[in-house]
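> Okay, here's the prediction I keep looking at, along with the sequence it came from:
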Amino acid sequence: MKLLRRIAVSAGVAVSLVASLAVVSVGAAGGFGSGAGRFTFNDTSANASFFNPDDNSSVSVSADHSLFMVRPRGGVGATAQEMTVLSVFVFVPDPDPTQPPLVDAAGCFVIPASDLVVSKDLNTATLNATVEASDACDGFIAPIGAGPAKGGGGGGGGFTFPLTVTGTWTGTGVTGTQTDQGLFTCGGFVSQTHSQTSSQFSSNVTVSISGIGTFSGGPSAFGNVSVGTNTFNVTGTGILPTDCGGKG
């Protein structure tokens, strides 16, 4: 449980960080928002997590197609890139708490967009991805919008490659929609933000990870599928000053 709490806190910090960086990146990221204008991009994601109270093991898998802020390891500055990112985390503790975990594997990988398929009504989704170590995220990757950072730094530790991850999501049939508005100003830079996200919780979710196992259902399983649209209206100078975190 301590591990899960640490993960929750880390995710919360990442959400706050990325939420603040989202608008900043509009003016800072090369090729996206480097001047005044209206910028729109879509986001599609499927998430699954499992927790076994019998042994305190946990598994999480997410696939997200979006516009990401990317800073390569050892690089300077960030750029905006549209990509699909697969994140996988598996933790199985040893029954003897003095021993290292039986499984402690985590990875972030860039996959083809076609590996994630989500139905228009959000009621079904499938994931079919096979990755090599060379597909691991390189550096810091975070979705431009409110969402957890994906980490990176060549993340893929603990897995045997090629790694195949598959998943199926079946929704509850009820879709919720959230709309958010925001305003960011700094110096002569002004950005109005608008996002609308529709999501559906899963009545059943199954995930298979090669070399690890298959996980499905149960009261400690969680899944959801979402699609969203994000719009930035950049006015004023359209260029974020360096004192505000931009490139000037």
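That came through, no problem.
> tell me the SS of the spatially closest residue to Asn204 that is not a sequence neighbour?
Spatial nearest neighbour of Asn204, excluding adjacent residues (CB to CB, 6 or more residues apart in numbering): Thr170 at 4.5 Å. Where C-beta positions appear, they are placed from N, C-alpha and C, glycine not excepted. Reduced to three states with DSSP: H, G, I helix; E, B strand; the rest coil, the structure at Thr170 is strand.
> need the contact list for Thr170.
By CB atoms under 8 Å, 6 or more residues apart in numbering, the residues touching Thr170 are Asn123, Thr124, Ser202, Ser203, Asn204, Val205.
> and it, how far is that from Asp121?
Computed as CB to CB, to the nearest Å, the Thr170 to Asp121 distance reads 12 Å.
> follow-up on the earlier one: what score does the residue nearest to Asn204 have for pLDDT?
Residue-level confidence at Thr170 comes out at 97, pLDDT.
> try Ala19
38.
> repeat for Ala11
34.
> do the one 3 residues further on as well
You'll see Ala14 listed with a pLDDT of 34.
> so where's the protein uncertain?
1-34, 75-78, 145-156, 245-248 (pLDDT under 70).
> contacting residues for Phe217?
Just to correct that, residue 217 is Gly rather than Phe. Asn204, Val205, Thr206 are the contacts of Gly217 under CB under 8 Å, 6+ apart.
> just checking, what's the longest strand in this structure?
Ranked by residue count and defined by DSSP state E, the top strand of the chain is strand 189-209.
> Who does it pair with, and is each partner parallel or antiparallel?
Sheet neighbours of strand 189-209, with direction, are listed as strand 163-171 (antiparallel), strand 176-186 (antiparallel), strand 213-216 (antiparallel), strand 221-236 (antiparallel) (DSSP bridges).
> Setting aside sequence neighbours, what's the nearest residue to Thr206?
Going by CB to CB, 6+ apart, Thr206 has Ser216 as its nearest residue, at 3.9 Å.
> ok, that neighbour touching Asn204?
Yes - contact criterion CB atoms under 8 Å: Ser216 and Asn204 qualify, at 7.4 Å.
> Could you dump the strands paired with strand 189-209 into a markdown table and include distance to Asp115?
As requested, the strands paired with strand 189-209 are exported to a markdown table (distance: least, CB to CB, whole Å):
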| stretch | distance to Asp115 |
| --- | --- |
| strand 163-171 | 9 |
| strand 176-186 | 26 |
| strand 213-216 | 18 |
| strand 221-236 | 15 |
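> Can you name the residues in contact with stretch 94-114?
In contact with stretch 94-114 (CB under 8 Å, 6+ apart) are residues 55, 57, 63, 65, 83-93, 129, 131, 135-137, 141, 150-152, 155-159, 163, 212.
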